[in-house]
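*Asks:* give me a model of this one.
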Amino acid sequence: MTSSVTPSLITVQAAADTLSVSKWTVYRLIWDNAVQSVQIGRSRRIVQASLDDYVRGLIEEVT
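*Replies:* Here you go, the predicted model:
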């Protein structure tokens, strides 16, 4: 069986730290479908690639 590459997942707190915002702001981004996340047990994880895309989009808006 071949394994596919799993996207990198980060915690909500790590995403908040990356963006220098609160955890609640990250949860709002999740609820607004601005970033993708998955639930693992009781933990929520952010898909790193979707966070990168979100930041890239913000930068493109100002350039």
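*Asks:* can you pull the poorly scored residue ranges out of the chain?
*Replies:* Along the chain, the parts satisfying pLDDT under 70 run over 1-7.
*Asks:* what packs against the top helix by length along the chain?
*Replies:* Looking across the chain with DSSP state H, the single longest helix is helix 48-62. With contacts taken as 3 or more Cβ pairs under 8 Å, 6 or more residues apart in numbering; DSSP states H and E, helix 48-62 sits against strand 9-11, helix 12-19. The C-beta positions use only the backbone N, C-alpha and C, and glycine is treated the same way.
*Asks:* buried set for it?
*Replies:* 48, 50-51, 54 (16 or more other Cβ atoms under 10 Å).
*Asks:* quick one on the thing from earlier: of the helices and strands packed on helix 48-62, which is nearest Tyr27?
*Replies:* helix 12-19 (6.7 Å; Cβ to Cβ).
*Asks:* which element follows the closest one toward the C-terminus?
*Replies:* helix 23-31 (DSSP states H and E).
*Asks:* report the distance from that next one to the chain centre.
*Replies:* 9 Å (Cα atoms, centre = their mean, to the nearest Å).
*Asks:* residues in contact with that helix?
*Replies:* Residues outside helix 23-31 that contact it (Cβ atoms under 8 Å, 6 or more residues apart in numbering): 12-13, 15-16, 19, 35, 37, 44, 46, 54.
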